[in-house]
Structure formats: C-alpha cells, structure tokens
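J.: Provide a 3D model corresponding to the input given below.
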Amino acid sequence: MSGFNRHPWLKWEQVEKFLGQKLPFAEKGQTFLDNMTWAEGYVQDMLKKAMPGMDASISSSGTIGTEIFETHEHVIVKVKIAKEEDPRSLQVFVKSNQIKLTGFTNNKNRIVKVPTLVLPRTANVTYKQRVLEIKIRKRGLKESYHEAYIRY
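T.: A predicted model of the protein is given here:
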C-alpha cells in the first residue's frame, strides 16, 4: 500500500480538522510520513498558542532579556539587567536543565531553561555593563559509571 492508503481507517480530513490546518502534500515518490519538516513549525505555533505569555513575560517586562548560545563544550546565557536593578542583590542558582535568578526589586524569581544538560558546579558568572553572563560546561554524552558500594 502506498503513503495515504496504508491505514484506511485514518481519514486525513479528520486529522486536518483536528490540527486546524491543511497537511502538506508529499513530493512525488515520497509518502506523507517521509517528509515531516512541517511538524516543528506546527509544534512551535501550538506552544505559542497554549502559553501566550511565556515569551512576552521575558522580553517585554523590561527587567530581563535573555540570549542563549551554545559552543561545543559550553552553554552561555546572557541576561540583560534593567537600570533600576541592583546587581549586587542578584543571585544565580544553576540546575542541570535550568537557571534561577533571584534578588530582583519586584521579588519575582526568573527561570531560564538551558537547551541541553549542563554541569551546575562548573558555572562561571560575570556582570559587566548591565549584562549578566553565565557560562556553564555541557554535560558529556558519555557518562562514566560510578560504583555504588554494597553494605553488608
């Protein structure tokens, strides 16, 4: 059976109705499932619709603007700090998958998710010209085993 007819019980019209958009047609010689590049954009749109305030709360509040960069070995997070904030009252807490910033004048904590797992103890934070830069080493893909000793 070819692409669209593999599952006769699956009605594409119903799927399109559920998704709220037309599905892209496959190129000649490909089945629908061979080209799923459209899915990423669809998921991003759905997340924006489901959580409309997430991006706006970070960038439009004026207190925090965040840029995240990845190198081969590090994740670098740059957080722009507003003029009215006291940089000496800020605190940075690093977890393997996110960064928590505290000490803002409005007493609200900020959470910044990092795109990959990191080693929290390797975090290096600098403040310069109203920008807080947090550099953290990525967790290696090859994790070694650590022996857990048996108590008798």
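J.: Can I get the helix or strand containing Q14 in CSV, CA atoms only?
T.: Counting by DSSP states H and E, the secondary-structure element that holds Q14 is helix 12-19. Extracted C-alpha coordinates of helix 12-19, given in CSV (Å, rounded to 0.1, in the frame of the first residue of the first chain):
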residue,chain,number,x,y,z
TRP,A,12,-6.8,12.7,6.6
GLU,A,13,-9.7,15.1,6.5
GLN,A,14,-10.3,14.4,10.2
VAL,A,15,-6.6,14.8,11.0
GLU,A,16,-6.6,18.2,9.2
LYS,A,17,-9.7,19.3,11.0
PHE,A,18,-8.2,18.3,14.4
LEU,A,19,-4.9,20.2,13.6
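J.: Next secondary structure after the worst-scoring helix or strand of the chain on mean pLDDT?
T.: Comparing helices and strands within the chain by mean pLDDT, DSSP states H and E singles out helix 53-59 as the least confident, with a mean of 42. Per DSSP H and E, the first helix or strand lying C-terminal to helix 53-59 is strand 64-70.
J.: Following element in sequence after that following strand, please.
T.: Taking DSSP H and E as the definition, the helix or strand that follows strand 64-70 towards the C-terminus is strand 74-81.
J.: Run me through the strand neighbours of the next helix or strand after that next one, direction for each.
T.: Per DSSP H and E, the first helix or strand lying C-terminal to strand 74-81 is strand 91-94. When pairs are called by DSSP bridges, strand 91-94 turns out to pair with strand 98-102 (antiparallel).
J.: what comes into contact with the strand it pairs with?
T.: Contact with strand 98-102 is made by 64, 77, 79, 90-94, 109-114, 132, 134, as judged by Cβ atoms under 8 Å, 6 or more residues apart in numbering. Quick note: C-beta positions are derived from backbone N, CA and C, even for glycine.
J.: Which ChimeraX command selects the buried ones in the residues you listed?
T.: Command for ChimeraX, covering only those of the contacts of strand 98-102 found buried under the criterion 16 or more other Cβ atoms under 10 Å:
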select :64,77,79,90,92,94,110,112,114,132,134
